[in-house]
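Colleague: Coordinates for the following, if possible.
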Amino acid sequence: MKLSIVIPLFNERESLSPLAEAIASALKPLDLSYEIIFVDDGSTDGSFEVIRSLRSAGKLNMRAFRFGRNYGKAAALSVGIGHAQGEIIVTMDADLQDDPAAIPDLLKKLDEGYDLVSGWKKVRHDPASFKVPSRIWNWATSIVAGVKLHDFNCGLKAYRSAAAKGLEIYGERHRYLPVLAYWDGWRVAEIPVTHHERRFGRSKYGFSKFVKGFLDLLTLIFLRRYLHSPLHFFGLVGMLLIFLGTAVLGYFGVQWIATGAMRIRPLTLLSLGAVIVGIQFLSFGFLAEMLAHVSARPQYTIRETLV
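Modeller: Residues are numbered from 1 along each chain as shown. Down below sits the predicted model:
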């Protein structure tokens, strides 16, 4: 199998038939073997019945998976990518806003030596309430993550199979797949893609996704830097608090010795509290190191193998 197209979906009944036709039309000139994998994330509008009908028609090489309830886009992508058999894996949304006609361009960019090519909705057909926060979020993510992309959350992406299957996709991590791939040492690129207005239904995401996005980014950065050495974080904070608290308490101690008078000030209590909290941070760090040592299972990115 040359190409696997993974499509997570939730309540997209009206979009599925035209999407399948658009994919077939876009890939026909390429003359390559491909499969379409639909992952129904607990739809309640009869989406899976439409997928069943498309598969029964026998015009396309299709497989499908249906969740018992809604688990989220990351879970759907994880299952779809895990079952993909293609050398190259393309992911896209089911709402017809991603254009399958861009798939050949994604594949050409992969042929330039990249491992992941992400779409960039350069002209985006979404409300301003989505576009403005999205630009801020993408700008901040690009700076913090160290990989320069305009659109991290575009659903249309192409991966080499090894790069896609090596990603740990859960929670809300689907927003940061280019970041995770880049951190793992894979080569990441971006090309502009056509973005269409939504034809059916409405978006499943609200403004809260941007707040969650920033929190998830902080979580990823923390895990990347301190997952296997948590004492470096907790120990640094603990030692800083202990040093500051001890310094201030030492100053008051010298005053007490020199004057014979001890005055309990708010700063004295704050300094004592800083020392106590600092000791607690150190203790957390040592406990976290013990847990990391016990559960250590190092994973390494293997780009090529000769056997």
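Colleague: gap between residue 57 and residue 7?
Modeller: 17 Å (Cβ to Cβ, to the nearest Å). Every residue, glycine included, has its C-beta placed from N, CA and C.
Colleague: next one: residue 140
Modeller: According to Cβ to Cβ, residue 140 and residue 7 sit 29 Å apart.
Colleague: Between those two, which has more neighbouring residues?
Modeller: residue 7 (28 against 13; other Cβ atoms under 10 Å).
Colleague: which SSE is that one in?
Modeller: Using DSSP states H and E, residue 7 maps to strand 3-9.
Colleague: Residues contacting that strand, please?
Modeller: 15-16, 19, 23, 27, 32-41, 43, 47, 73, 76-77, 80-81, 84-94, 103, 107, 161 (Cβ atoms under 8 Å, 6 or more residues apart in numbering).
Colleague: ok, 6 Å please
Modeller: Applying Cβ atoms under 6 Å, 6 or more residues apart in numbering, the external contacts of strand 3-9 come out as 32, 34-41, 73, 76-77, 80-81, 84, 86, 88-92, 94.
Colleague: Report the buried members of these.
Modeller: Neighbour counting with 16 or more other Cβ atoms under 10 Å marks 34-41, 73, 76-77, 80-81, 84, 86, 88-92, 94 as buried within these.
Colleague: rewinding a little: okay, and which of the contacts of strand 3-9 map to strands?
Modeller: Judged by DSSP state E, those include 34-40, 88-91 as members of strands.
Colleague: Excluding covalently adjacent residues, which one is nearest to residue 94?
Modeller: In this structure, residue 94 finds its nearest non-sequential neighbour in residue 9, 3.7 Å apart by Cβ to Cβ, 6 or more residues apart in numbering.
Colleague: and the one you found, how far is that from residue 175?
Modeller: 18 Å.
Colleague: more neighbours, the two?
Modeller: Set residue 9 next to residue 175 and count neighbours by other Cβ under 10 Å: residue 9 wins out with 26 against 21.
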